[in-house]
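Colleague: need a structure here:
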Amino acid sequence: MNILFFGPSGSGKGTQAEMLAKKYDLKRLQSGAILRKWAKEKTDFGKKVQAAMNEGFVPSEWIFKMTKEEFAKIDKDQGLMLENFSRMLPEIKNLYNVLSELDRKLDYIFLIDISDEEAIQRMIKRGTCQECEKVVVLDGGVEELICSDCGGMIRKRKDENIESIKKRLHDYHDKTAEVLDYVRKNDRLIEINGEQPVEKVFKDIIDHIENNK
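Modeller: Modelled structure (predicted):
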């Protein structure tokens, strides 16, 4: 079973992906983690990836190369839980191509949707692990925590102020609209109300999967 999640920042897709991966024994893959892994490689290509990440833009063909090689390392019987591989149209097209070349297909594509107002309220309260990107809520004025998963430092991101958040949401809507249109034309997009409690969102996702096996 191969699953892809869409959703704006703050929608809770990372939490749902983690829960879903555990329930169905899926290999959880995040594009950012793959980029960082390659950037640490002491190779010419790894150095190029690091330089591109520092500049804020990694060419789509490089992402295609890394994605294909990482996916090819995984046993074909192992299901995938995919996050952040398709923020722009070239990326979703590359993802479909990679999966096709490896004789895989997307079984479920979920869009966890929340309003911009809800996204802003969630993001201004959260912190992100500097190592594994785990996201937690920083309540009570706490500025940082130790990650219980990897021991890394959880801090509030510098770009998670209201103005930056609004810009990220604008970019998400602007770039993702054509991606979602492309998915709707080529597959079935299952929309989930992300403003419900975490457990209810998870139940809605599981119900779709169990009722459509």
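
Colleague: could you pull out the strands for this structure?
Modeller: Taking DSSP state E as the test, the strands found in the chain are 2-6, 27-30, 80-83, 108-113, 126-129, 135-137, 144-146, 153-155, 189-193.

Colleague: And those: which comes nearest K68?
Modeller: Ranking the strands of the chain by proximity to K68 (CB to CB) places strand 27-30 first, at 12.2 Å. For every residue, glycine as well, the C-beta is placed using N, CA and C.

Colleague: So what touches that closest one?
Modeller: Strand 27-30 has contacts (CB atoms under 8 Å, 6 or more residues apart in numbering) with 17-18, 21, 70-71, 74, 78-85, 133.

Colleague: in its sheet, what does it sit against?
Modeller: strand 80-83 (parallel) (DSSP bridges).

Colleague: Who are the packing partners of the longest helix along the chain?
Modeller: Using DSSP state H, we find that the single longest helix of the chain is helix 162-186. Helices and strands touching helix 162-186, by 3 or more CB pairs under 8 Å, 6 or more residues apart in numbering; DSSP states H and E, are strand 2-6, helix 89-101, helix 116-123.

Colleague: Adding distance to K42 and mean neighbour count, write the strands of the chain out as CSV.
Modeller: As requested, the strands of the chain are arranged in CSV below (distance: least, CB to CB, whole Å; neighbours: other CB atoms under 10 Å):
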stretch, distance to K42, mean neighbour count
strand 2-6, 32, 23
strand 27-30, 22, 17
strand 80-83, 27, 22
strand 108-113, 36, 21
strand 126-129, 24, 20
strand 135-137, 30, 15
strand 144-146, 29, 12
strand 153-155, 25, 18
strand 189-193, 40, 16
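
Colleague: For S164, find the nearest of these.
Modeller: Across those, the minimum distance to S164, taken as CB to CB, is reached by strand 126-129, at 13.3 Å.

Colleague: Give the partner strands of the closest one in its sheet and their orientations.
Modeller: strand 135-137 (antiparallel), strand 153-155 (antiparallel).

Colleague: And the average pLDDT for it is what?
Modeller: Regarding strand 126-129, the rounded mean pLDDT is 81.

Colleague: ditto for stretch 71-89
Modeller: Stretch 71-89 comes out at a mean pLDDT of 88.

Colleague: quick one on the thing from earlier: quick check: which of the helices and strands packed on helix 162-186 is buried the most?
Modeller: With neighbours taken as mean count of other CB atoms under 10 Å, those reach their highest mean count in strand 2-6, at a mean of 23.

Colleague: so what secondary structure elements neighbour that strand?
Modeller: Using 3+ CB pairs under 8 Å, 6+ apart: strand 2-6 touches helix 13-24, strand 80-83, strand 108-113, helix 162-186.

Colleague: So for A52, which of those sits nearest?
Modeller: Between A52 and the helices and strands packed on strand 2-6, the shortest gap by CB to CB is with helix 162-186, which sits at 18.2 Å.

Colleague: what ranges of the chain fall below the confidence cut-off?
Modeller: For the chain, applying pLDDT under 70 flags the ranges 140-143, 157, 159-160.

Colleague: Distance to Q196 added to the helices and strands packed on strand 2-6, as CSV?
Modeller: Formatted as CSV, the helices and strands packed on strand 2-6 follow (distance: least, CB to CB, whole Å):
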stretch, distance to Q196
helix 13-24, 11
strand 80-83, 20
strand 108-113, 10
helix 162-186, 20
